[in-house]
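Student: Pasted the sequence and its predicted model underneath.
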Amino acid sequence: MEKRLESNFKNMVLVLCAITLFSSLSVASINALTAEKLNEVRLQNQLKAIRDVLPAFDNNPMEESDTLITPDGGTLVLFPASREGERVGTAVKSYSNNGYSGPIWLMIGFTPDGAVYNYTVLEHKETPGLGSKMSTWFARGNKGDITGQIPGSKGLRARKDGGEIDAITAATVSSRAFLDAVNRASGALSGNADAVSGATGLEASPGATPVEQPDATTGATPVEEPDASSGATRVDDPSRTDTSLPDTTHLSPARHE
Amino acid sequence: MNNWKIFSNGLFKENPVFVLLLGMCPTLGVTTSAINGLGMGLATTFVLLLSNVTISLVSNLIPDKIRIPGYIVIIATVVTILEICMAAYLPALHEALGIFIPLIVVNCIVLGRAEAFAAKNTPLSSLLDGLGMGLGFTLGLALLGSTREILGSGKLFNATLYDENYGILVFVLAPGAFIALGYLIAIINKIKKSL
């Protein structure tokens, strides 16, 4: 084989610069070429998810979407859907941070009376074969069917937690996280002014905190308490009383899935 | 070495999964189902092909002392391009393989072939070597994925073979990957000896 370029300082610097320059140029151009397509895919996925979880509609829910910021920095997005001007339901992009390994993102469709119409899992990192079953487990006709249920003010709970939903076998943590996301979506839907965000929640919060914190968490999650004093982040208190599930789920973090 | 020998070397004699035992992270990580194994194998094949050819073309221009960083940058570029294209045109597969696509960069088989073969051979031989090694890797991953899917969830390529409840769950989880790989290597060595 022919001789290689000599390893002196000048050669090394020049070659490495050339390689990195060439690499960044090619990556940048590919990125620019596919940017449009990528965005299209993202929007299509979102629209498909909305279609999957709601009855047929004829408006564009993404144009009328409404984004809410939760106190812990998450975002919920509401997609109202209507048919011939009449509201047929709302899809909510919701999440839970209580997943077994990482956050879970769901798109949940609610009919106007607050009942779950359908759902789809957008993103999760649960154990394959256990928690990952959530994408079908809670669907219509399956063991943990949540369609038609109204989470309402109580929230849906697993049978183990005194509720009526069958948790996924051997994946209780994942099931609780799933229901947490559903309840969060429902909470956002029922009172999206006071429950999740908006300036109105700011004034309402201080009174609500001291009452429910002691019994709900019994000190297991002291990290959440300091928020109360800051005021600004406690916008969610009403929703907490509504859906107390989020609190019960992180009571014992080391639980088996 | 003739061309067929270079190509088949990766498929059987030096199969990366069963003989060289290279690239174990994706091997054990993604093979929860046959389709994931196949997808990961093909993605790696694509990277191997492009990186092998590129590196054999430019290897004489890269001074010896910086060849490893040089190769890594080239490989990383190929992988990034692959990832962007997959996300745009094959979103379903991209979602299924997730984090393991960027991890192809550190898959030792890619750097291994660049260093051990592409840097010393012509672009054509390197192309064949990349193709052979890639397909050998694909074969290994698909075989391991199929085994785990059949034993763990009673399916093959998502077609149900028997009731999922009789599946041996451990084969879907990480320890099952080690167990299944170990037995597959043993079986393949046994077959090889009897040939």
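Tutor: Thanks, I have it. Predicted model, so just to flag it, every value in this text is computed and none were measured. Numbers count the residues shown, from 1 in each chain, chains lettered A, B, ... in the order given.

Student: CA only for contacts and neighbour counts going forward, please
Tutor: OK.

Student: ok, is stretch B:55-68 in contact with chain A or not?
Tutor: Yes - using C-alpha under 8 Å from any C-alpha of the partner chain, we find that stretch B:55-68 touches chain A at B:Ser59, B:Asn60, B:Leu61, B:Ile62, B:Pro63, B:Asp64, B:Lys65, B:Ile66.

Student: Run through the residues that contact B:Gly29.
Tutor: Contact analysis of B:Gly29 by C-alpha atoms under 8 Å, 6 or more residues apart in numbering or on different chains lists B:Ala174, B:Ala177.

Student: sec struct for it, please.
Tutor: helix (DSSP: H, G, I helix; E, B strand; the rest coil).

Student: For the longest helix along chain B, what is the distance to the chain centroid?
Tutor: Counting by DSSP state H, the longest helix found in chain B is helix B:123-153. Here helix B:123-153 is found 5 Å from its chain centre; the criterion is C-alpha atoms, centre = their mean, to the nearest Å.

Student: Show me what it is packed up against.
Tutor: helix B:3-8, helix B:34-58, strand B:155-156, helix B:174-194 (3 or more C-alpha pairs under 8 Å, 6 or more residues apart in numbering or on different chains; DSSP states H and E).

Student: Could you look up the next helix or strand downstream of the second one?
Tutor: As assigned by DSSP states H and E, the chain's next helix or strand after helix B:34-58 is helix B:67-89.

Student: could you point out which element follows that following helix?
Tutor: Using DSSP H and E, the helix or strand that follows helix B:67-89 in sequence is helix B:91-97.

Student: Please report how far the residue of the stretch 51-200 of chain A found nearest chain B lies from B:Lys155.
Tutor: Scanning the stretch 51-200 of chain A for the residue nearest chain B gives A:Gly129, at 6.5 Å (criterion: C-alpha to the nearest C-alpha). In this view, A:Gly129 and B:Lys155 are 12 Å apart by C-alpha to C-alpha, to the nearest Å.

Student: Compare these two and say which is more crowded by neighbours.
Tutor: Counted by other C-alpha atoms under 10 Å in any protein chain shown, A:Gly129 and B:Lys155 do not tie: B:Lys155 has more neighbours, with 21 against 18.

Student: wait, what's in contact with that one?
Tutor: For B:Lys155, the contacting residues are B:Glu149, B:Leu161, B:Tyr162, B:Glu164, by C-alpha under 8 Å, 6+ apart.

Student: For chain A, see how far away it is.
Tutor: 12 Å (C-alpha to the nearest C-alpha, to the nearest Å).

Student: Repeat that for B:Ala114.
Tutor: 15 Å.

Student: Quick check, that residue in contact with B:Ile55.
Tutor: Yes - judged on C-alpha atoms under 8 Å, B:Ala114 makes contact with B:Ile55 at a distance of 6.6 Å.

Student: Now list whatever residues contact both of the two.
Tutor: By C-alpha under 8 Å, 6+ apart, the residues touching both B:Ala114 and B:Ile55 are B:Tyr71.

Student: which residues sit in contact with B:Ser33?
Tutor: B:Ser33 neighbours (C-alpha under 8 Å, 6+ apart): B:Gly145, B:Ser146, B:Arg148, B:Glu149, B:Leu156, B:Phe157.

Student: give me that answer again for 10 Å
Tutor: A:128, B:141-150, B:152-153, B:155-158, B:172 (C-alpha atoms under 10 Å, 6 or more residues apart in numbering or on different chains).

Student: what's the answer for A:Ser132, then?
Tutor: Contact partners of A:Ser132, counting by C-alpha under 10 Å, 6+ apart, are A:Val121, A:His124, A:Lys125, A:Glu126, A:Ile168, A:Ala171, A:Ser174, A:Ser175.

Student: Most neighbours out of those, which is it?
Tutor: A:Ser175 (30 neighbours).

Student: That residue belongs to a strand?
Tutor: No - assigned with three-state DSSP, A:Ser175 falls outside any strand and is helix.

Student: What pLDDT does the model give it?
Tutor: pLDDT recorded at A:Ser175 is 90.

Student: Which residue comes closest to it once chain neighbours are left out?
Tutor: A:Ala167 (5.4 Å; C-alpha to C-alpha, 6 or more residues apart in numbering or on different chains).

Student: do A:Pro55 as well
Tutor: A:Val88 (6.8 Å).

Student: Find the helix or strand that the residue nearest to A:Ser65 when sequence neighbours are not counted is a member of.
Tutor: Leaving aside its chain neighbours, A:Ser65 sits nearest to A:Phe79 (4.6 Å; criterion: C-alpha to C-alpha, 6+ apart). For A:Phe79, the element it lies in under DSSP H and E is strand A:75-83.

Student: Tell me the buried residues in that strand?
Tutor: A:Thr75, A:Leu76, A:Val77, A:Leu78, A:Phe79, A:Pro80, A:Ala81, A:Ser82 (16 or more other C-alpha atoms under 10 Å in any protein chain shown).

Student: Would you give the sheet partners of it, along with the direction of each?
Tutor: strand A:66-69 (antiparallel), strand A:86-96 (antiparallel) (DSSP bridges).

Student: so can I have TSV of those strands showing mean pLDDT and mean neighbour count?
Tutor: Shown next, in TSV, are those (pLDDT from 0 to 100; neighbours: other C-alpha atoms under 10 Å in any protein chain shown):
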stretch	mean pLDDT	mean neighbour count
strand A:66-69	82	16
strand A:86-96	87	24
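
Student: Turn these into CSV, including distance to B:Phe7.
Tutor: Formatted as CSV, the strands paired with strand A:75-83 follow (distance: least, C-alpha to C-alpha, whole Å):
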stretch, distance to B:Phe7
strand A:66-69, 55
strand A:86-96, 48
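
Student: Sketch out the low-pLDDT regions of chain B for me.
Tutor: Within chain B, the stretches with pLDDT under 70 are B:1.

Student: Please list all residues in contact with the most centrally placed residue in chain B.
Tutor: Centrality entry for chain B: nearest residue to the mean C-alpha point is B:Phe137, 3.7 Å, by C-alpha atoms, centre = their mean. Listed by C-alpha under 10 Å, 6+ apart, the contact set of B:Phe137 reads B:10-12, B:15-18, B:21-23, B:27, B:37-38, B:40-42, B:44-45, B:109, B:131, B:143.

Student: how does it look with 8 Å?
Tutor: With C-alpha under 8 Å, 6+ apart, B:Phe137 has these contacts: B:Leu11, B:Asn15, B:Pro16, B:Val17, B:Gly41, B:Thr44, B:Thr45.

Student: out of these, who's nearest chain A?
Tutor: Looking across these and measuring by C-alpha to the nearest C-alpha, the closest to chain A is B:Thr44, at 18.1 Å.

Student: A:Asp52 contacts A:Thr120, correct?
Tutor: Yes - between A:Asp52 and A:Thr120 a contact is recorded at 7.2 Å, counting by C-alpha under 8 Å.

Student: Just want to know which of these two has more residues nearby.
Tutor: Ranked by neighbour count (other C-alpha under 10 Å), A:Asp52 and A:Thr120 place A:Thr120 first, with 21 against 18.
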